[in-house]
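*Asks:* For reference, the sequence and a predicted model appear below.
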Amino acid sequence: YDFSLHNASSPLVTNKEIFIGTSAIGVICIDRASLEVKWRFETGRAMIYTSAMQRDPAQVVEGSPVLSGDNIIIGAADGYLYAINRKTGVMQWKHTMGAPIISTVAVSGNNVVAVDFAGNVYSFVSAE
């Protein structure tokens, strides 16, 4: 593989996929049976670097990916909250937070709660 995992992200493992936040290229989806990369989703350039091993420019996803329906929800160090289709890797929506998101988001039903690096707490209703 050509990506680095120098971050605190834990993988999201489902019956068919493994979703991993990386320290350089955003999020990847790996087929659980073949271990082949199915797709990559690149976030924007990080506003903050949390590891001495990260180099500019990097697309850091420090929090763990979370499953919500058919979407993977992530916060990224570029200051955006993203919903990514779990099968295709295509962005469904994004919301600017204005500050890096380095923690894992919380999902309950179609409600998504995210905290940015400035300490703001946001709650969204995710359309499925």
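*Replies:* Looks like it came in fine.
*Asks:* give the contact list for residue 95.
*Replies:* Shown in contact with residue 95 (C-beta atoms under 8 Å, 6 or more residues apart in numbering): 80, 81, 122, 124. Using the backbone N, CA and C atoms, a C-beta is placed for each residue, glycine as well.
*Asks:* try residue 82
*Replies:* Going by C-beta under 8 Å, 6+ apart, residue 82 touches 41, 43, 73, 74, 75, 76, 91, 93, 94.
*Asks:* Nearest residue to the middle of the chain?
*Replies:* Centroid-nearest residue in the chain: residue 74, 3.2 Å away (criterion: C-alpha atoms, centre = their mean).
*Asks:* Can you say which helix or strand has that residue in it?
*Replies:* Assigned by DSSP states H and E, residue 74 belongs to strand 71-75.
*Asks:* C-terminal to that strand, what's the next element?
*Replies:* strand 80-85.
*Asks:* Which stretches in this structure count as strands?
*Replies:* 12-13, 17-21, 27-31, 37-41, 66-68, 71-75, 80-85, 91-96, 106-108, 111-115, 121-125 (DSSP state E).
*Asks:* Having no further points to raise, I will conclude here.
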